[in-house]
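*Asks:* Make a model of this:
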Amino acid sequence: MSNSNTIGGRLFNIPSPVETFGAFPVSYRVERDVQAQTITVTPWRINPESHEKEYGSRPFVFDPTAIKSHIDLGKHWGIHTNWALESRFGWEDLGYLHSVFPQTNLHKNPFLLGRPLHPRVVLFFVPFEESSIEEVAVLVYSPQSMPPEGFSEFVEVRSRVSLYNAVLPSIELEVGSSCSAGESLPCVARLIQPAYETNDMPAIETRSGVLYLECEAGFLPKTKVPIVNGVANFNWVALGLNSGDVGLVKVGFKYFSHKTSASVEVV
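*Replies:* All right, here's what the predicted structure looks like:
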């Protein structure tokens, strides 16, 4: 396997007390194959009888091409997405992959929204729809005494929430501070490169995708707009508002709504 030496491609780890893993504490070996554009995850444990390390016989392969063509998972692939690989029923059980919707108004299913993750989990952060496997960040939950393997080094973090802005793109929103009642206000949203970026990561100005829009007052002619060369343009209308009212424009991604916002005073 070929491993990435860049910051964005490093393995992130949340070390946890071994007792949180129940009867079968497990860690993982994570390997990145640049040629095949895949990431292979193999569980390992300390055999309770021989007290020696052993690797699982059924590794899981995170394959973006296969995910995109999957009848169910494929519809969730896109910019700023987060995927979880969970092991629930045995230390070799690595067959349960699902998309994670951290904060979204599009899905109200409690199984998907705010759903707690099992301690035995590996997370994959996909920053852009066209991201290469080198750009996909990996977060492993593992026992403190069983650090994950496969990369030359990994970075310890406290929670997956702290990684969202670090390994996924953010948004900068430019909106005028005021607008006349009934008038239209041009707005510009620009993507911001992830803080942890790979050495060869394409410029943010080359990126595409879709932004999702909301507002608490006024009117948006469109609720989603395309990102072209890292920029999305749209209009907010102070429709039905009077002088002194305040509108709030929200911009986010499909599965992470209200990433940023801006207030507009109606004059």
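*Asks:* so where's this protein uncertain?
*Replies:* Within the chain, the set of residues satisfying pLDDT under 70 comprises 1-10, 22-23, 88-96, 102-119, 152-153, 198-199.
*Asks:* Which helix runs longest in it?
*Replies:* Of all the segments of type helix in the chain, defined by DSSP state H, the longest one is helix 64-69.
*Asks:* Helix or strand next in line after that one, which one?
*Replies:* With elements assigned by DSSP states H and E, the helix or strand that comes after helix 64-69 is strand 81-86.
*Asks:* After that following strand, heading C-terminal, what element do we hit next?
*Replies:* Scanning onward from strand 81-86 (DSSP H and E), the first element met is strand 96-100.
*Asks:* if we can go back for a sec, send me the longest helix of the chain as PDB with only the CA atoms.
*Replies:* Only the C-alpha atoms of helix 64-69 are listed here, as PDB (Å, rounded to 0.1, in the frame of the first residue of the first chain):
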ATOM      1  CA  PRO A  64     -15.500   6.000  -3.600                       C
ATOM      2  CA  THR A  65     -16.200   4.600  -7.100                       C
ATOM      3  CA  ALA A  66     -18.200   1.800  -5.600                       C
ATOM      4  CA  ILE A  67     -20.000   4.100  -3.200                       C
ATOM      5  CA  LYS A  68     -21.000   6.500  -6.000                       C
ATOM      6  CA  SER A  69     -22.500   3.700  -8.000                       C
END
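*Asks:* Show me which residues of that helix are buried.
*Replies:* For helix 64-69, the neighbour count (16 or more other CB atoms under 10 Å) marks 64, 67 as buried. Using the backbone N, CA and C atoms, a C-beta is placed for each residue, glycine as well.
*Asks:* Distance from the chain centre to it, please.
*Replies:* Computed by CA atoms, centre = their mean, to the nearest Å, the chain-centroid distance of helix 64-69 equals 16 Å.
*Asks:* Same question for stretch 72-89.
*Replies:* 9 Å.
*Asks:* Name the residues that touch that stretch?
*Replies:* Applying CB atoms under 8 Å, 6 or more residues apart in numbering, the external contacts of stretch 72-89 come out as 26, 41, 43, 60, 62, 64, 67-68, 93-94, 96-100, 102, 117-118, 120-129, 160, 164, 168-169, 207, 209-210, 227, 253-256.
*Asks:* Quick one: residues contacting the nearest residue to residue 151 once chain neighbours are set aside.
*Replies:* Nearest residue to residue 151 in three dimensions, chain neighbours excluded: residue 11, at 4.3 Å (CB to CB, 6 or more residues apart in numbering). Residues in contact with residue 11 (CB under 8 Å, 6+ apart) are 30, 138, 139, 140, 148, 150, 151, 153, 154, 155.
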